[in-house]
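Asker: fold the following and give me the result.
(one chain, ligands or ions: 1)
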Amino acid sequence: MFLDMDGIGPQYAQLTRALKGAILDGRMAAGTRLPATRELAQQLEVSRTTVLAAYEQLRAEGFINGRVGSGSFVSHLQLAPSPQPAVSTTAPPASRYAERARKLRNRGIGGMHAGLRYDLLYGDPVTNPALNAAWGRELARAAAYSSLKVTGSWGLLALRQQICDYLARRRGVHALPENLLIVTGTQQAYALCARVLLDEGDVVALEDPHYFGSCHVLAAHGARLHPVRTDDDGLVCAELPDAPPKLISVTPSHQFPTGRVMSLPRRLELLRYAADRPCWIVEDDYDGELRYDGHPLAALRSLDESDRVIYVGTFSKTLFGALRMGYMVLPAALRDDFNAAKYLSDMSSPGIEQAALAHFMECGGFERHLRHARRELKARREALIASLQHHAGERVQVVHSPAGMHVTAWLNGYDHARAEALVAYAHDRGLGLHPIAPHYFTPPARPGLLLGYCNLSAAELREAMRLFGECLDAVPAGTG
Ligand SMILES: Cc1ncc(COP(=O)(O)O)c(C=O)c1O
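Answerer: Numbering: from 1, shown residues only. The predicted structure is shown next:
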């Protein structure tokens, strides 16, 4: 008899698997006597103990019966009949959602490129070893002292209270803890908006350019996207569709990715548009607190007298993305529906992390870190802009926006093809540049770059801009 030992794990387990296989596929029929242990051990060049252990295991699992000494026999097993061929062997297709999600997943900003000396990719917030250490302590404390019960779908009350205080102080938003829902980041907030507010084919108006994350969630859900142009004042409200969209998604405090701030007249116009129509606004306030020229601007929600703005905040930029923690301030009319959708989605956000964050905010650690992050980001931003202007001069136009974690720079005199050549050239020299064009539905008239400055120190940013200047020299505008 040929027994195929697969070489994985202890020998007795390999032999057990090999014998089981032979019994199950019928090579060893019911009633067959197994070889004597000594004989099989010799044949397989294993110890007799190995064979004894395998037989013992098979006996315990009911594959064989009999005793050592009197012989072991294959049991009479009711083996499942081999499956009849189905009428069709094709598995049912995945949902339309899955099909759309799969197509959308790979569309977007590229990831970090390995092997580059300087990558100006936008995304992760500034790293701070003191934050790592403090967070470790908070987590250990929360794990030791908090209840291990699920927190309830609204989220931990202590955290909601902390966030309400913070929003009132820093964002001008007056929210009650009962209208504040803890979610796992902006991404889940948009997924809940889609579930609660949209049926397939409903229209969503969103800024052009836009942020992929939220846009893809809405599109995967089956929303029809209606891009609306942005200018220096933000979303051009006059170009909102005549038939009102169900939802308008905006980033008023820091338009993503251009960095512009929505002007007060535009804010009021947008709020009036929504108040006069059956329409909700989602305010994505992803980095509103990261301003470097004084106090952060109040959020759109703070002006909303008709209770039409769903405010979304996140800790992904102020702390770190791996936390997956955000929150929504909900209009009163929507609170129960969102709560139900959150419950059905994942019951509740992780409780230990919520308890840790509540304490971190209560004891001042969060605001301390924010002050550090603002100082650090301001210094990097200034280093980037000063050396960009020094090395690139008139060849770029920097969008003035003293906020956030990236700078938008338009390339003067370049067309899109030439800008692509510049990006490719820079890449070959170890400098990662990221065009702004993929964020647009309608490509902008001239090419631009989104320069993220969180991954590099001020000194590295200066060096990166020197290299950028060399790339502009080597691939100048206007020549093919
Ligand atoms: C416009 C915008 N909104 C939200 C986020 C953060 O999303 P999340 O809270 O899901 O991490 C980002 C992150 O890059 C962003 O650029």
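Asker: give the contact list for the residue positioned nearest the centre of the chain.
Answerer: Taking CA atoms, centre = their mean, the centroid of the chain lies closest to Q187, which sits 6.6 Å from it. Q187 makes contact with 213-214, 217, according to CB atoms under 8 Å, 6 or more residues apart in numbering. Where C-beta positions appear, they are placed from N, C-alpha and C, glycine not excepted.
Asker: go on, L157?
Answerer: L157 sits in contact with P177, where contact means CB under 8 Å, 6+ apart.
Asker: ok, D208 next?
Answerer: Each residue near D208 by CB under 8 Å, 6+ apart is listed here: 227-230, 440-442.
Asker: quick check: it vs the ligand, distance?
Answerer: Using CB to the nearest ligand atom, to the nearest Å, we find D208 at a distance of 14 Å from the ligand.
Asker: also A275?
Answerer: A275 is 24 Å from the ligand, by CB to the nearest ligand atom.
Asker: for burial, what's the neighbour tally of that residue?
Answerer: Neighbour count of A275, defined by other CB atoms under 10 Å: 14.
Asker: same check on the one 3 residues further on?
Answerer: P278: 9 surrounding residues under other CB under 10 Å.
Asker: how about S70?
Answerer: Neighbour tally, S70, other CB under 10 Å: 7.
Asker: briefly note if the lengthiest strand in the chain comes near the ligand.
Answerer: Longest strand in the chain by number of residues, with DSSP state E as the criterion: strand 224-231. No - applying CB under 6 Å from any ligand atom, one finds strand 224-231 separated from the ligand by no less than 12.9 Å.
Asker: rewinding a little: of the contacts of Q187 - the most surrounded one?
Answerer: S214 (25 neighbours).
Asker: helix or strand: which one has that one?
Answerer: Using DSSP states H and E, S214 sits within helix 212-221.
Asker: related to what we said a few turns ago, and which of the contacts of Q187 is nearest the ligand?
Answerer: In terms of CB to the nearest ligand atom, no member of the contacts of Q187 lies closer to the ligand than G213, at 5.5 Å.
Asker: list the contacts of the closest one.
Answerer: So G213 contacts 186-187, 190 (CB under 8 Å, 6+ apart).
Asker: can you do 6 Å?
Answerer: By CB atoms under 6 Å, 6 or more residues apart in numbering, the contact set of G213 is Q187.
Asker: mind checking how far the residue lying farthest from the centre of the chain is from the ligand?
Answerer: Within the chain, the residue lying farthest from the chain centre (CA atoms, centre = their mean) is S70, at 63.7 Å. As judged by CB to the nearest ligand atom, S70 and the ligand stand 67 Å apart.
Asker: with E460 instead?
Answerer: In terms of CB to the nearest ligand atom, E460 sits 21 Å off from the ligand.
Asker: what of G9?
Answerer: G9 sits 42 Å away from the ligand, taking CB to the nearest ligand atom as the criterion.
Asker: for the stretch 1-150 of the chain, which residues are neighbours of the ligand?
Answerer: Counting by CB under 6 Å from any ligand atom, the stretch 1-150 of the chain comes close to the ligand at G123.
Asker: ok, which stretches of the stretch 1-150 of the chain are helices?
Answerer: All helices of the stretch 1-150 of the chain, identified by DSSP state H, counting those that start in this stretch, fall at 11-24, 37-44, 48-60, 96-105, 129-145.
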